[in-house]
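In: this one's structure only:
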């Protein structure tokens, strides 16, 4: 049974719902988009890579339901234009998954201002811009699910990850404030913090000896799979998670319990 089939069997039926997923041309974002589509959702896929995000959208179940948009999610005007396009095409937004991210790794003493600012722009500012843009539509329906992809780097230190750790720790703070302020409007806001995930970005950042050493520190002895992260995202987006908000759920194979 596929991951999407298991999610649907567990009650994650998103027929009639619209989801916006950033970073959806590949990796975790694409897998979440796939599983949402397989469970009946109409999905707006946002990514900077126009060709890749268009190809991703056409490959989803029920391709005619979906929308592909080339967007720099760190730019407010582009985000607002994209959200307006989704509402015009689909009429509603029920779910936002902030999955877009960058990992520009440098030792702390060598982090450039450009790398620092780009990391925070994509990993922290963009989720705020997207949340602000979709909130009015969610408030109007008294229902919404916002899911932020953080990282185990939000709660632990990793060498050469100064900008990345700072951005993901900040994302947890943002998640909690949005959850507190918007709960009265029927909107839940949660974060997912995976260990290294077996995606192109994860494989690049943790190639060779560094990856071997990291696996040795994870009690389960492996990196996470995108489908495992997507399954949790679907749960958080479902009706079953209505009392879960402001949480950071760590999927790290036991790394952080040691």
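Out: Looks like it came in fine. Quantities reported herein were computed from a predicted structural model and do not represent experimental measurements. Numbers count the residues shown, from 1 in each chain.

In: regarding the protein, what is its longest strand?
Out: strand 187-194 (DSSP state E).

In: number of nearby residues for residue 186?
Out: The tally of other residues near residue 186 (other C-beta atoms under 10 Å) stands at 14. From N, CA and C alone the C-beta is placed, and that goes for glycine too.

In: just the pLDDT for it.
Out: In this prediction, residue 186 carries a pLDDT score of 98.

In: wait, what's in contact with it?
Out: 138, 139, 141, 142, 143, 144 (C-beta atoms under 8 Å, 6 or more residues apart in numbering).

In: same thing but at 10 Å, please
Out: 138, 139, 141, 142, 143, 144, 145, 242 (C-beta atoms under 10 Å, 6 or more residues apart in numbering).

In: same check, this time on residue 105
Out: 111, 115, 119, 158-164, 204-206, 210.

In: show me how far the next helix or strand after the longest strand of the chain is from its chain's centre.
Out: Using DSSP states H and E, the helix or strand that follows strand 187-194 in sequence is helix 200-205. Chain-centre distance of helix 200-205: 16 Å, with C-alpha atoms, centre = their mean, to the nearest Å.

In: show me what helix 200-205 is packed against.
Out: Applying 3 or more C-beta pairs under 10 Å, 6 or more residues apart in numbering; DSSP states H and E, one finds that helix 200-205 makes contact with helix 27-38, helix 208-217.

In: which outside residues touch it?
Out: 23, 26-28, 101-105, 158, 160-161, 164, 194-197, 199, 211, 214, 223-224, 226.

In: by mean pLDDT, flag the weakest helix or strand of the protein.
Out: Lowest on mean pLDDT, DSSP states H and E among the helices and strands of the chain sits helix 3-9, with a mean of 54.

In: can you give me the angle the longest strand of the chain makes with helix 27-38?
Out: Counting by axes from the mean of the first three to the mean of the last three C-alpha atoms, to 10 degrees, strand 187-194 lies at 130 degrees to helix 27-38.

In: compute the first-to-last residue distance for stretch 204-223.
Out: 13 Å (C-alpha to C-alpha, to the nearest Å).

In: what segments of the stretch 101-250 of the chain are strands?
Out: 144-149, 187-194, 248-251 (DSSP state E, counting those that start in this stretch).

In: direction included, what does the second one pair up with?
Out: Pointing back at strand 187-194 there. Sheet pairing of strand 187-194 (DSSP bridges) gives strand 144-149 (parallel), strand 248-251 (parallel).

In: in JSON lines, list the helices and strands packed on helix 200-205 along with mean neighbour count.
Out: Formatted as JSON lines, the helices and strands packed on helix 200-205 follow (neighbours: other C-beta atoms under 10 Å):
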{"stretch": "helix 27-38", "mean neighbour count": "27"}
{"stretch": "helix 208-217", "mean neighbour count": "12"}
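
In: export these to JSON lines and tack on distance to residue 248 and mean pLDDT?
Out: Output for the helices and strands packed on helix 200-205, formatted as JSON lines (distance: least, C-beta to C-beta, whole Å; pLDDT from 0 to 100):
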{"stretch": "helix 27-38", "distance to residue 248": "16", "mean pLDDT": "97"}
{"stretch": "helix 208-217", "distance to residue 248": "20", "mean pLDDT": "91"}
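
In: looking at those, which is closest to residue 84?
Out: Among the helices and strands packed on helix 200-205, the nearest to residue 84 by C-beta to C-beta is helix 27-38 (20.1 Å).

In: now the element after that closest one, going C-ward?
Out: Following helix 27-38 in sequence, per DSSP H and E, is strand 42-47.
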